[in-house]
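Q: just to be clear, the model below is a prediction. Sequence and coordinates:
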Amino acid sequence: MEHEKGFSSLFQKSVDAQLLLRGGVCTDCNDAAISMMGCGRREELLGHPLDHHSPPLQPDGQTSLDKAKEMMAMALEKESHRFEWMCRGRDGTDLPVEVTLTAITARGELLLHALVRNVLEGHRVERALPGTELRYQDFAELLPQVLFEVDVRGRLTFVNNRGLAYFGYTREEFKKGISLAQVICPEDCMRALANMKRVLEGEKLTGTEYIAVRRDGSRFPVIISSTVILEGAKPVGLRGMVQDITERKRGEQALRESEERFRTLAEATLEGIAITEQGRIVDANEQLLQIIGTTRSELMGQEVAALVAPEDRDRVMAGIVSDLENHMEHRMFRRDGTKITVATHGRTIAHQGRQVRITAIRDITQRKEVEERLRASLKEKEVLLQEIHHRVKNNLQIISSLLCLQANRTGSTAVLSALRESQSRVKSMALIHERLYRSPNLASVDMGEYTKKLVSHLRHSYRTDHGPVRFTIDIDNIALDITEAIPCGLIINELVTNALKHAFPEGRSGEIAIQLIRGTEKQSTLTVKDDGIGLPGHVDFRNSPSLGLTLVNSLVTQLDGTIELEGTQGAAFRITFG
């Protein structure tokens, strides 16, 4: 804040015309500038561009506007720039002036400071030189940059306090004499002196990089910009500015290392990597070149849309312009015109100050062909397996029909009962194959639908021998494979058949309940119970002479399960397996 107050005071009291510019437009000026331009009021300068009071053409034929823009751009780039200008006053007369443009920061804003001198009043400037030099030095101390002056022999004649602190010298040491060779490293010193000579001879150089040296020997990178100091027409030295670019160099080095790591990773991956900007490819790794079958020079700058198959183009381009991360599969062209299928994963990232799209691309053409062959092969096997189940079901139905014909020809009640039970067993197995034949999943059977169909068949088979029997079926959403479904179906067939035959004598009515639930650890529990007369007390169901119970115990063993008889009224068999 104190610096800004001091600068404002020097600015207003200076005998030289001074202006502050923002974007080439005057935002402030001192009284000397108003007088030089022949204006009566400050408002006649404020808000106007630098070339407002200049003739349409400069002596070199360049328009004043173009030259103004060029000079201001150079000043911003070089930190300070001096040039000659033709100024036109309010009375229409042209006045040659010397303009020095310097980039400064005031109130947190980057502005251009213009110092304008009338070159026709050199004698006035010479008379005022001591006071002007003092004001220049005061002004130099207010700036945050390192400012210096050097004579033609390379001896520093002026360094502001910031420069002394930066290089580690005291004012007393400076007065004893410091040469350019003491602040520039030996490797760059000869180049610095050669560049200094070129500037003194009138050549214009932009800011040049050097390695500077502090008094303690530490080094740091800088950019030095300078202009010629003239006494009349004779160059007597250089005046310039030093900018420490250590942080910029560190940032550039970090960026290079980051890009090298990215390049190494991108080249090592098995996937193609493409970086796109506004739908055009700006970089790619070697793997992508191999996928497309092209060279880097041919691929760079190419539009992505030209590589994508027409049927997928809209979808792919919508994904590229989106900022969202996405995955997709689509077809694209190789250089020879053949189509391939690729899987892509893209996302938008910030890269070198701009938004780009990075996409990983994998050629999945062979995988897709293998998948298609596998799907075709699987379809063939499914059809074949359905046909096998269909034929097994038909064969079992033929056996069931033969047993039915045999039953119709026998007069023995015992033989008829045995044939009917055998027919039911065959029917229960045939139903399994029928369900598999009709199911979209050839590996398992929906036990709910199967049990309902089996119970319907058994009810129909025994409808003439018993009174009305109700059935309650409670089956979870359980699907069993064929190795479990057939034994489980036969167990239900045997236990329901036994209940229909023995639990409800003399036409009694009753209820048979069937429950199949899935328990913990993937175990299933099948319960078949009735509210009939129950098993006789002397009957051991585990060692029964009955073929049905013997078959049930054998099937439970086949399922690696356990069977328990529960209940005090009727019979309740509980089988756990799985």
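A: Thanks, I have the structure now.
Q: got a list of what G301 touches?
A: By C-beta atoms under 8 Å, 6 or more residues apart in numbering, G301 lies in contact with R280, I281, V282. In this view, the C-beta of every residue, glycine as well, is placed from N, C-alpha and C.
Q: tell me the SS of the last one?
A: Spelled out, that is V282. V282 falls in the strand class when you classify it by DSSP: H, G, I helix; E, B strand; the rest coil.
Q: what residues are up against it?
A: I275, T276, M300, G301, V356.
Q: mind checking how far it is from E303?
A: Applying C-beta to C-beta, to the nearest Å, the value for V282 to E303 is 12 Å.
Q: next one: the first one
A: Relative to E303, R280 is positioned 6 Å away (criterion: C-beta to C-beta).
Q: could I have the CA atoms of the helix or strand that P235 is a member of written out in PDB?
A: Following DSSP states H and E, one finds P235 within strand 234-244. What follows is strand 234-244, C-alpha atoms only, in PDB (Å, rounded to 0.1, in the frame of the first residue of the first chain):
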ATOM      1  CA  LYS A 234      25.300   7.300 -28.600                       C
ATOM      2  CA  PRO A 235      24.500   4.000 -26.700                       C
ATOM      3  CA  VAL A 236      26.200   4.100 -23.300                       C
ATOM      4  CA  GLY A 237      24.700   1.000 -21.700                       C
ATOM      5  CA  LEU A 238      21.700  -1.100 -21.100                       C
ATOM      6  CA  ARG A 239      18.700  -0.800 -18.700                       C
ATOM      7  CA  GLY A 240      16.800  -3.900 -17.900                       C
ATOM      8  CA  MET A 241      14.800  -6.200 -15.700                       C
ATOM      9  CA  VAL A 242      15.600  -9.600 -14.200                       C
ATOM     10  CA  GLN A 243      12.800 -12.200 -13.600                       C
ATOM     11  CA  ASP A 244      13.400 -15.200 -11.500                       C
END
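Q: who touches it?
A: Applying C-beta under 8 Å, 6+ apart, the contact partners of strand 234-244 are 79-80, 145-152, 157, 163, 166, 196, 199-200, 207, 212, 220-230.
Q: looking at those residues, which are in strands?
A: Counted as lying in strands by DSSP state E, out of the contacts of strand 234-244, are 80, 146-151, 157, 212, 220-230.
Q: separate out the buried members of these.
A: Buried subset of those (neighbour count, 16 or more other C-beta atoms under 10 Å): 80, 146-150, 157, 212, 221-229.
Q: E311 reaches K339, doesn't it?
A: No - in this structure, E311 is not within contact of K339 by C-beta atoms under 8 Å, at 10.0 Å.
Q: pull the helix or strand with minimum mean pLDDT from the chain.
A: When each helix and strand of the chain is scored by mean pLDDT, DSSP states H and E, helix 122-127 comes last, with a mean of 45.
Q: who touches both of E311 and K339?
A: Between them, E311 and K339 share the contacting residues R331, judged by C-beta under 8 Å, 6+ apart.
Q: what number of residues lie near A430?
A: 21 (other C-beta atoms under 10 Å).
Q: may I ask which helix or strand encompasses it?
A: A430 is part of helix 413-438 when elements are defined by DSSP H and E.
Q: buried stuff in that helix?
A: Buried residues in helix 413-438 (16+ other C-beta under 10 Å): 419-437.
Q: again with stretch 303-310
A: Neighbour count says stretch 303-310 has V304, L307, V308 buried, by 16+ other C-beta under 10 Å.
Q: distance from it to the middle of the chain?
A: 22 Å (C-alpha atoms, centre = their mean, to the nearest Å).
Q: got the contact list for that stretch?
A: With contact meaning C-beta under 8 Å, 6+ apart, stretch 303-310 is reached by 274, 276, 279-281, 292, 313, 316-317, 320, 330-333, 339.
Q: strands of the stretch 201-350 of the chain, start to end?
A: 208-213, 219-231, 234-244, 272-277, 280-284, 326-333, 339-351 (DSSP state E, counting those that start in this stretch).
Q: the first one packs against which elements?
A: In this structure, strand 208-213 makes packing contacts with helix 180-183, helix 186-200, strand 219-231, judged by 3 or more C-beta pairs under 8 Å, 6 or more residues apart in numbering; DSSP states H and E.
Q: and it, what's buried?
A: Buried, per 16+ other C-beta under 10 Å, within strand 208-213: T208, Y210, A212, V213.
Q: as a whole number, average confidence for the helix or strand R367 falls within?
A: R367 is located in helix 365-409, with elements delineated by DSSP H and E. Average pLDDT, helix 365-409: 77.
Q: re earlier: between the contacts of G301, which is closest to K529?
A: The closest of those to K529 turns out to be I281 (C-beta to C-beta; 73.1 Å).
Q: dig out what that closest one forms beta bridges with.
A: T276 (DSSP bridges).
Q: how far away is S417 from I273?
A: On the measure of C-beta to C-beta, S417 and I273 end up 78 Å apart.
Q: buried subset of the contacts of V282, written for PyMOL?
A: Here is the PyMOL selection string for the buried members of the contacts of V282, based on 16+ other C-beta under 10 Å:
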select buried, resi 275+276
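Q: now tabulate the contacts of V282 in TSV and tack on pLDDT and distance to E484.
A: Formatted as TSV, the contacts of V282 follow (pLDDT from 0 to 100; distance: C-beta to C-beta, whole Å):
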residue	pLDDT	distance to E484
I275	85	56
T276	88	55
M300	90	62
G301	89	64
V356	87	57
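Q: ok, so of the contacts of V282, who is nearest S400?
A: T276 (68.8 Å).
Q: list the contacts of the residue sitting nearest the centre point of the chain.
A: Nearest to the mean C-alpha position of the chain, counting by C-alpha atoms, centre = their mean, stands R347 at 3.4 Å. Contact partners of R347, counting by C-beta under 8 Å, 6+ apart, are L324, E325, N326, R357, I358.
Q: between the residues you listed, identify the one with the most neighbours.
A: Neighbours here mean other C-beta under 10 Å. Within those, the largest count is held by R357, at 23 neighbours.
Q: that one: what secondary structure?
A: At R357, secondary structure determined by three-state DSSP is strand.
Q: returning to what we had before: among the buried residues of strand 208-213, which two are most distant?
A: T208 and V213 (16.0 Å).
Q: which residue lies farthest from the center of the chain?
A: G411 (82.9 Å).
Q: before we move on, back to that, could you dump the strands of the stretch 201-350 of the chain to CSV with distance to R508?
A: Below are the strands of the stretch 201-350 of the chain laid out as CSV (distance: least, C-beta to C-beta, whole Å):
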stretch, distance to R508
strand 208-213, 110
strand 219-231, 107
strand 234-244, 108
strand 272-277, 79
strand 280-284, 85
strand 326-333, 66
strand 339-351, 68
